[in-house]
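[1] this one's structure only:
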């Protein structure tokens, strides 16, 4: 992969679904489908919305190790990023990615205590395409 930032960024931007991974209290991996990230900074930092009361938030608060995966089904290629997930509840983070349509999930608006932001920070990854996988550092 000549340009990881561009190649992976293109995959991420074209997907409507992201898969996020966490570690449960027994040490087992857990995967969940999410809506695409609301914002990304290169291929290092990704922002998602979720419910503060969710099981995933509790898992990330206990163990912040995480991964995210994006799959391009059309060309059967994908990318997994490994790193850490932070749960952000400060007003600036919540306002940064808030959309008016979010009131369907968070009826109290951007200040809803059940609305929070997940910030994923990648450290490394693995890219698959054309029957070949390669590791990379972010």
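    Received the coordinates, thanks. Keep in mind that this is a model prediction, so the values were computed, not measured.
[2] roughly how far does residue 119 sit from residue 60?
    The gap separating residue 119 from residue 60 is 10 Å, by Cβ to Cβ, to the nearest Å. Glycine gets a C-beta too; all of them are placed from N, C-alpha and C.
[3] now do the shared contacts for the two.
    Residues touching both residue 119 and residue 60 (Cβ atoms under 8 Å, 6 or more residues apart in numbering): 85, 86.
[4] neighbour count for the two, which is higher?
    With neighbours defined as other Cβ atoms under 10 Å, residue 119 and residue 60 compare such that residue 60 has more, 22 against 19.
[5] for the helix or strand containing the more buried one, packing partners?
    Assigned by DSSP states H and E, residue 60 falls within helix 55-62. Contacts defined by 3 or more Cβ pairs under 8 Å, 6 or more residues apart in numbering; DSSP states H and E place helix 55-62 against strand 17-23, strand 29-35, strand 45-51, strand 77-88, strand 115-129.
[6] and whichever helix in the chain runs longest, which residues are buried?
    Longest helix in the chain, counting residues (DSSP state H): helix 4-14. Buried residues in helix 4-14, counted by 16 or more other Cβ atoms under 10 Å: 4, 7, 8, 11, 12.
[7] could you do stretch 21-37 as well?
    Neighbour-count burial for stretch 21-37 [16+ other Cβ under 10 Å]: 21, 22, 23, 37.
[8] try stretch 62-79
    64, 66, 67, 68, 69, 70, 71, 72, 77, 78, 79.
[9] next, the residues that contact it from outside, please.
    With Cβ under 8 Å, 6+ apart as the test, stretch 62-79 has contacts from 8, 11-12, 14-15, 17-23, 25, 31, 46, 60, 80-86, 120, 122, 125-130.
[10] repeat the analysis, applying 7 Å as the threshold.
    Contacts with stretch 62-79, where a contact means Cβ atoms under 7 Å, 6 or more residues apart in numbering, come from 8, 11-12, 14-15, 18-23, 25, 46, 60, 80-86, 120, 125, 127-129.
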